[in-house]
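> Here is the input, now give the coordinates:
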Amino acid sequence: MKPSDLVLWTLAGALAYLLGSLPFGFLIARCRGVDIRTVGSGNIGATNVYRAVSKPLGILTFALDVGKGVGGVLLIPMAASLLLTALLPTGSPAPTRALQLFSGCVTVIGHNWTCFLGFKGGKGVATSAGLLIGLSPAGVGIAFAVWLVTFLTTRYVSVASIAAAAVLGVVVWPLHCGDAGAWFPAVLTALAALAIWKHRANIIRLRAGTESRFTFKKKASA
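Below you'll find the model as predicted:
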C-alpha cells in the first residue's frame, strides 16, 4: 500500500467513526428531557425511542441512523479523498469499493461503540441497513422482505431484525461472490453476524418470555 493510500484509509476511518458515533437517538430523546439509556430497553436505537419517547421521533432516529450508513459508504470516502487532495500536491487516490466497504464498516462500529457515550451504543441494524443500501441494494430488498414478514407475523422487532440479518448473511454470497470475489460477501456476512450478536440480550428475553411485542396503539391509561 502506498503512503498516500494509507493516509486516505486512515482519514476515511477517522471520519467514518466520528459519523457513526453521532448518537442521534440519545440526542433526540434528550431534546424531550429523556435519557434514552434509562428507559425501556436502555438502547439508543430507533425502536426504543419510538416506544419510550414518541413515534415520529423514533422514525426520525431510524432515518438518521440509516443515513449514517449510507453516508459512511458514499460520502466519507469522497470527503477523505477531497481532504487528502487539499493536503497533498500530488493529489489523492480515487476511492475504491474496498474503501467504501471499510468506511461503512467503521461507521457501524462507531454506532455500536460510540466514543460520546462511553463506547456503548446501539445494535447497528439501521446503520448496517444504510451501509447495505449503498453497497447491496438487492440484498437489502430481500432482507427487508424477510424483516417485514417476520415482524407482521411475530410483532417482535428483535426477531425480525435477527431473521433479516441471518438471511442477508446468506444471500450476499450468490449476489456478489462472482463480481467482487469472496472477500466482499464475507465482510457483509460478518456484519450480519455482528448485528445478531448485538441482539443477544433480546435473545435472552425471548427465551425467558419477557421480550416486548411491538404495538401501534398506546396502552390505555389506568
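> Distance from the lengthiest helix in the chain to the middle of the chain?
The helix of greatest length in the chain, counted in residues with DSSP state H as the criterion, is given as helix 157-180. Taking Cα atoms, centre = their mean, to the nearest Å, one finds helix 157-180 lying 14 Å from the centre of the chain it belongs to.
> Now tell me what touches it from outside.
If you take Cβ atoms under 8 Å, 6 or more residues apart in numbering as the criterion, helix 157-180 is touched by 47, 97, 123, 125, 128, 132, 136, 138-140, 142-144, 146-148, 150-151, 154, 184-185, 188-189, 192-193, 195-196, 199, 202-203, 205-206, 211, 214. Glycine gets a C-beta too; all of them are placed from N, C-alpha and C.
> what comes up buried for that helix?
Within helix 157-180, the residues that count as buried by 16 or more other Cβ atoms under 10 Å are 157-169, 171-173, 175-176, 180.
> Pull the distance from the helix or strand that contains Met78 to the chain's centre.
If you go by DSSP states H and E, Met78 is part of helix 76-87. Computed by Cα atoms, centre = their mean, the chain-centroid distance of helix 76-87 equals 23 Å.
> Residues contacting it, please?
Helix 76-87 is contacted by residues 4, 7-8, 11-12, 15-16, 19, 91-95, 99-100, 103, 107 when judged by Cβ under 8 Å, 6+ apart.
> and whichever helix or strand comes after it with helix 76-87, angle?
Elements were assigned by DSSP H and E; along the chain past helix 76-87, the next helix or strand is helix 97-112. Using axes from the mean of the first three to the mean of the last three Cα atoms, to 10 degrees, the interaxial angle of helix 97-112 with respect to helix 76-87 works out to 110 degrees.
> For helix 97-112, could you pull out the residues that count as buried?
Buried residues in helix 97-112, defined by neighbour count with 16+ other Cβ under 10 Å: 99-112.
> Output those as CSV; include the columns pLDDT and distance to Thr38.
Supplementary listing: the buried residues of helix 97-112 in CSV, determined by pLDDT from 0 to 100; distance: Cβ to Cβ, whole Å:
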residue, pLDDT, distance to Thr38
Leu99, 94, 38
Gln100, 94, 36
Leu101, 92, 35
Phe102, 95, 34
Ser103, 97, 32
Gly104, 95, 31
Cys105, 93, 30
Val106, 96, 28
Thr107, 97, 26
Val108, 94, 25
Ile109, 95, 24
Gly110, 97, 22
His111, 96, 20
Asn112, 94, 19
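> so which of these comes closest to Ile36?
Each of the buried residues of helix 97-112 was checked against Ile36 using Cβ to Cβ; the closest is His111, at 14.2 Å.
> show me what contacts the closest one?
Contact analysis of His111 by Cβ under 8 Å, 6+ apart lists Gly20, Ser21, Asp65, Lys68, Gly121, Gly122, Gly124, Thr127.
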